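Visitor: below are the sequence and a predicted model for it; my questions follow.
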2 protein chains.
Amino acid sequence: MTSVYLAMICGVIAVIYGIVTSGQVLRQSPGDARMQDIAAAIQEGAKAYLGRQYTTIAIVGVVVAVVLFLTLGVLSTTGFVIGAVLSGVAGYVGMNISVRANVRTAEAARTSLQGGLTTAFRSGAVTGMLVAGLGLLSIAVFFWYLTGPSGLAPNDREIVEALTALAFGASLISIFARLGGGIFTKAADVGADLVGKVEAGIPEDDPRNPAVIADNVGDNVGDCAGMAADLFETYVVTLGVTMISIALLIQADPAELMRLMSLPLIVGGVCIVTSIIGTYAVRLGRGSIMGALYKGFFTSAILSIPAIWFASTLVLGDLGATIGGAGFLAPGTGAITTDMVPAAPAVGGTGFTGLDLFWCMMVGLVVTGLLVWITEYYTGTNHRPVRSIAKASETGHGTNVIQGLAISLEATALPTLVIVVAVIAAYQLAGIIGIAFAATAMLAQAGMVVALDAYGPVTDNAGGIAEMAELPHEVRERTDALDAVGNTTKAVTKGYAIGSAGLAALVLFGAYTTDLATYFPDLTVDFSLSNPYVIVGLLLGALLPYLFGAFGMTAVGRAAGAVVEEVRGQFRDNPGIMQGTSRPNYGRTVDLVTRAAIKEMIVPSLLPVASPIALYFVITAVAGQASGFAALGAMLLGVIVSGLFVALSMTSGGGAWDNAKKYIEDGNHGGKGSEAHKAAVTGDTVGDPYKDTAGPAVNPMIKITNIVALLLLAALAGSGS
Amino acid sequence: MTSVYLAMICGVIAVIYGIVTSGQVLRQSPGDARMQDIAAAIQEGAKAYLGRQYTTIAIVGVVVAVVLFLTLGVLSTTGFVIGAVLSGVAGYVGMNISVRANVRTAEAARTSLQGGLTTAFRSGAVTGMLVAGLGLLSIAVFFWYLTGPSGLAPNDREIVEALTALAFGASLISIFARLGGGIFTKAADVGADLVGKVEAGIPEDDPRNPAVIADNVGDNVGDCAGMAADLFETYVVTLGVTMISIALLIQADPAELMRLMSLPLIVGGVCIVTSIIGTYAVRLGRGSIMGALYKGFFTSAILSIPAIWFASTLVLGDLGATIGGAGFLAPGTGAITTDMVPAAPAVGGTGFTGLDLFWCMMVGLVVTGLLVWITEYYTGTNHRPVRSIAKASETGHGTNVIQGLAISLEATALPTLVIVVAVIAAYQLAGIIGIAFAATAMLAQAGMVVALDAYGPVTDNAGGIAEMAELPHEVRERTDALDAVGNTTKAVTKGYAIGSAGLAALVLFGAYTTDLATYFPDLTVDFSLSNPYVIVGLLLGALLPYLFGAFGMTAVGRAAGAVVEEVRGQFRDNPGIMQGTSRPNYGRTVDLVTRAAIKEMIVPSLLPVASPIALYFVITAVAGQASGFAALGAMLLGVIVSGLFVALSMTSGGGAWDNAKKYIEDGNHGGKGSEAHKAAVTGDTVGDPYKDTAGPAVNPMIKITNIVALLLLAALAGSGS
């Protein structure tokens, strides 16, 4: 129990860091009255949107909570509510600091680049540490309550179910937040660009554009709040499923189980500390801005190595000792459970040691580093992919898009190879549990990764405010330099989140098969690839990301079209806007996008909730329960096998398109205003919903499908069917 | 044996139909001297390209043949050579008639729309019947030789290996032809459009454009020859794998096996006859052009119902009798073979009847009809998808591409559901064999489907010739009307080919597991989804279509860029070209595209050949042979699970983009020359390599991966490792 307390303390440290650093940011000057005016309009729009979004989600949440209460009881419902509320809080707090830091970043950038960087990065770090801290606290406190005051054994079914429900709460909120925020931000962005840059010929963030405030609001509700909710979810699901797997798969006495289950928590805890130390390493020096951010990232990653070693020895004592003495537990009697035991040669037939687990976590760290490097390669302006898109822009819109699509397809290859090698390595070391710990070590870096990401929208907003408040030219140049890096860091987070989902997929499937064997011990389910119901499940699972992507893209296209017409209408009805003599009605555009985003997010978000349930019941009706469970299990893997590629291609491709435009704007291939630049703007527009709406929302979608399946099993077992 | 002879007679009928109808087409007037000049240039370019393509492929083919001879012996090598040569012949003959029919179609369109339609469709029908006829003859004659003069039993391993090698030959040629032809046609098309329509502002097919002949050559070598080779492959693989599955799975005396294995052949035979009858039903009447083509398609499909009934009773006698008396054979002793037996409840525990097989084939016919209908919905100008893209063009290039991508993602949903339902239905009726027969019935329609497809490039060329030879305006209008329908029929063939691959995937995997059990009876291979090596195989298999698509898109982009620079150079060096006073150097552009296409096709075509072999050896080295086979098997399904979606989304999306442009050109959303039209041209350009290069080549890619795995098993077994 000591280590659970220690994890809780680390979580509290993260929250304190957040409060203290928020104070530092807020104490900075918010600039002149004009800047404060603009910032207030952005704040108001962001709060109004999040308010309506959360109200809508709350209705869905209450319905789901009632269903959970009736089927799985009070503990699971509590877990669901904790996950849901804290996921919402993570997003809300992130938005709240970023709408205040934006104007302060613009003001600080008046003096120096370092000033702007510090303010923006601090604001990002607040969000990052709160995501990690709240995530850790939610699981640690809940786990403490369940095993302490409630007196449950660590591998009690009720704990497994309650932790699953906690993850479900986080996932459900995050898919709505990711998708709703994503639709908002890209509808506003694409709409503003089309009607402003392309039609009216006015620059980005020009105050005459009625959609400009909506565009800036979007950065905060999508790229900040939506992203924070998503990473909170990834954090909670990964740590949660690692603990669940230990409970399900390891045969040991309760005290040893307790120790082992607290290991993911304490690893998360120590890495919060290393992340906090890392934030202080972010300094410009003589290098680039990206270099400054990397200093922070690598400091925390490298410090994590001894920190994880410390955590492991603290919890496990002698790392050389075999864990779980008698080896693996084969729960239930179903034939499938033997699949859960790692192949005998891999672990010497007797389980694994603490040292094996340590190496698995090192695999996770290496994966994180490689994914960052690959993303940088595919989306940075210094490498072949982005430059090839910029070059293709010379021959027109068509070749720009063709090359961008080629890069987005290609960008899936290296991350897949990294994930595959990591799966093999971790599995050879410690089986399914090893894969779970690799994923845990990846997510333990979340504080720093989210900090890098949340920095992006702040600088984007700062640029907008500088433009609208007509600050001196060099201020906008500084914020632009800060913002360019944000494109890459945003892509990094998405690749990282989906990569960890790739690792976690096998663990989630392991939980599913073990649950199945526990709840339905007499049922033999054939998960072999030669079972046609497995193929049916794989195909339908693979379809989900495509259909979901189609919904997301259509929603952005439709909402952006509405923005274009609204703005055209304002220009037509009020010619003073373009002359600069009268102010556009920003609020009406914000309101329009808000309504569109809320409306469009609902159906696609429910798709991954309803699909596994529908599949199970249809196939069970046609071919019996064993086939139903086989198809359902295969759907879980189909959705990751296809979702990994859809998400990686969309997020990398979108980032590459965006930076190809920036590369041209830096004076290459004809620079701003050239034909190549126009083609690059088209590519950027296409990449927007790819990278910020459809692509990133695939990550929570995969988790939800998996978690709904786990809860469905528990509910079916409870109802005795 | 009677039915094998009957199938051979039907194959001969198809060839005779081809010769007679070719004669009819060739006897028509080839137009005036100018038209003949242009047509001669196209012919010359097409022959030169195919000559070089086949020379290159021949080198690869000889290497592979030697490897096969050394590992699998003379029969398999013979099969490989037959498949390879005939696949090449199918493509060559198709090209040969279409480069002669194009100018005759233009000439016939001078008189009437019906005249143009008849000539173009007859030329397509020649290709269609030769594809089906040669496909059928190749298997039927080879099978007759093996079971007759060679005296082998129908389920002898040598027959299984030889038929697999025949399929491999067809697949290997077809991936090169599909990809090489696809790169050629789209590089020329995109390049010509970019530099002509977009930069120089001259219309499509303007004789001043130096790339115009290359563009027309491309239609013949890509859309006609490449497509014909691809469908030949699909035909041979589908019928072949159905026969192989019967040999592997059904326990019966040789005479009954012989009868059953000849059923796919005779079904193919009778459907050739119904397809020929269907070709005579293609008449304009009062309806649309599409309606006229549909009359042919539905006539042959509906006549196929009694024809298949006749074939089934002829071969099996009493359709109510259970097939294979004692039920299924469980070959070898490996645990996995039990998976191959259909679930007991589905088939009453005693096998299936001839009537069950008949119904499975009806499932195949229904799937064909539904896929045609769905493709028409997603790519026809009368429905929501195309119109939504046209509407989105009003707000610019970006929204056009976003909506097109959304439609391409969405377009995967209905075909997947159709395939899933068909898999379940056919499996419930007659297990894996039922699925195989459903796929066979689909492919039995190939004569008519290929006819509809091959009609497209002829009309496309006819339009080009009409434009270049300055025929009266109404001629071009007629050829345009004929060509617009070609976009949809081309998309139909691709959806149909990949849909049949979806059905055949399980059958191919079944062959793999059965082979495995036969060759390595002592090895227990775990194909369960909880085996991490299965996940590794699924992920790497899923990666292949993405990587392959990236290669294809990049190749087109790069080659098109080279065309743009070549044409710009010609305009610059010879100003007389644009004034119409001097003739551009068409040959140099054709030559440039030829070299580019040949160079770019090689690496991606070898990807699906090398990947399964590499995966097997790497995983075997890391984790043992059982894991290697598990990963390899999973790769086979990963490639179809991902390839199905990549191919469907690319081919449907590309077709929709193309027709959205045509819909605008018909006078909607501002018509030709409007901003919406420019945006739609961008979408069309993006869709070109999607629908004609990367997308369709995924189909042979999937088959190759599967067949290479089967041959690898046989080779490993032969070498005793």
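Guide: In hand now; what should we look at? Numbers count the residues shown, from 1 in each chain, chains lettered A, B, ... in the order given.
Visitor: I'd guessed residue A:402 sits against residue B:684; true?
Guide: No. With contact defined as C-beta atoms under 8 Å, residue A:402 does not count as touching residue B:684 (11.5 Å). Bear in mind the C-beta positions are built from the backbone N, C-alpha and C, glycine included.
Visitor: neighbour count winner among those two?
Guide: Shown here are residue A:402 and residue B:684; by other C-beta atoms under 10 Å in any protein chain shown, residue A:402 has more neighbours (30 against 27).
Visitor: if I pick the residue of the stretch 351-500 of chain A found nearest chain B, what's in contact with it?
Guide: Nearest residue of the stretch 351-500 of chain A to chain B: residue A:398, at 3.0 Å (C-beta to the nearest C-beta). Going by C-beta atoms under 8 Å, 6 or more residues apart in numbering or on different chains, residue A:398 touches B:190, B:193, B:194, B:198, B:681, B:682, B:684, B:685, B:686.
Visitor: before we move on, what about residue A:589?
Guide: A:188, A:210, A:211, A:213, A:214, A:563, A:566, A:567, A:570.
Visitor: can I get these in CSV with distance to chain B?
Guide: CSV is the format used below for these (distance: C-beta to the nearest C-beta, whole Å):
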residue, distance to chain B
A:188, 14
A:210, 16
A:211, 13
A:213, 20
A:214, 16
A:563, 9
A:566, 12
A:567, 11
A:570, 16
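Visitor: which of those lies closest to residue A:542?
Guide: Nearest to residue A:542 among the contacts of residue A:589: residue A:188, at 31.6 Å, using C-beta to C-beta.
Visitor: next one: that closest one from residue A:559, what distance?
Guide: Distance, residue A:188 to residue A:559, by C-beta to C-beta, to the nearest Å: 8 Å.
Visitor: could you name every residue contacting both of these two?
Guide: residue A:593.
Visitor: between the two, which is the more surrounded one?
Guide: residue A:188 (33 against 26).
Visitor: and the pLDDT at the closest residue to that one other than its chain neighbours?
Guide: In space, residue A:188 comes closest to residue A:214 once its chain neighbours are excluded; the distance is 3.9 Å by C-beta to C-beta, 6 or more residues apart in numbering or on different chains. Residue A:214 is assigned a predicted lDDT (pLDDT) of 92.
Visitor: pull the number of nearby residues for residue A:214.
Guide: Neighbours of residue A:214 using other C-beta under 10 Å come to 32.
Visitor: same check, this time on residue A:285
Guide: Using other C-beta under 10 Å, residue A:285 has 9 other residues around it.
Visitor: tell me where the stretch 551-700 of chain A has strands.
Guide: Here the stretch 551-700 of chain A has no strands by DSSP state E, counting those that start in this stretch.
Visitor: quick check, the residue in it closest to chain B?
Guide: residue A:685 (3.0 Å).
Visitor: which ones are touching that residue?
Guide: A:190, A:193, A:194, B:396, B:397, B:398, B:399, B:401, B:402.
Visitor: likewise residue A:468?
Guide: Contacts of residue A:468 by C-beta under 8 Å, 6+ apart are A:38, A:205, A:206, A:207, A:212.
Visitor: swap the cut-off to 7 Å and go again
Guide: The contact partners of residue A:468, by C-beta atoms under 7 Å, 6 or more residues apart in numbering or on different chains, come to A:38, A:205, A:207, A:212.
Visitor: how close does it get to residue A:37?
Guide: From residue A:468 to residue A:37 the distance is 9 Å (C-beta to C-beta).
Visitor: now do residue A:545
Guide: From residue A:545 to residue A:37 the distance is 42 Å (C-beta to C-beta).
Visitor: what about these two, which has more around it?
Guide: It is residue A:545, of residue A:545 and residue A:37, that has more neighbours when counted by other C-beta under 10 Å, with 30 against 15.
Visitor: tell me which element that one falls in.
Guide: helix A:532-573 (DSSP states H and E).
Visitor: okay, the angle between that helix and helix B:532-573?
Guide: 40 degrees (axes from the mean of the first three to the mean of the last three C-alpha atoms, to 10 degrees).
Visitor: now helix A:532-573, how far from the centre of its chain.
Guide: 19 Å (C-alpha atoms, centre = their mean, to the nearest Å).
Visitor: do stretch A:496-504 as well
Guide: The answer for stretch A:496-504 is 10 Å, by C-alpha atoms, centre = their mean.
Visitor: near chain B, anything from it?
Guide: No. Stretch A:496-504 stays clear of chain B (C-beta under 7 Å from any C-beta of the partner chain), getting no nearer than 7.5 Å.
Visitor: can I get that stretch as PDB, trimmed to CA atoms?
Guide: Listed next in PDB are the C-alpha coordinates belonging to stretch A:496-504 (Å, rounded to 0.1, in the frame of the first residue of the first chain):
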ATOM      1  CA  TYR A 496       2.300   8.400 -29.600                       C
ATOM      2  CA  ALA A 497      -1.300   8.000 -28.500                       C
ATOM      3  CA  ILE A 498      -2.200   5.700 -31.400                       C
ATOM      4  CA  GLY A 499       1.100   3.800 -31.100                       C
ATOM      5  CA  SER A 500       0.400   3.100 -27.400                       C
ATOM      6  CA  ALA A 501      -3.000   1.900 -28.500                       C
ATOM      7  CA  GLY A 502      -1.300  -0.500 -30.900                       C
ATOM      8  CA  LEU A 503       0.600  -2.000 -28.000                       C
ATOM      9  CA  ALA A 504      -2.400  -2.000 -25.700                       C
END
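Visitor: returning to that earlier point: against residue A:201, how distant is the residue of the stretch 551-700 of chain A closest to chain B?
Guide: 16 Å.
Visitor: where does chain A have low pLDDT?
Guide: A:324-350, A:719-721 (pLDDT under 70).
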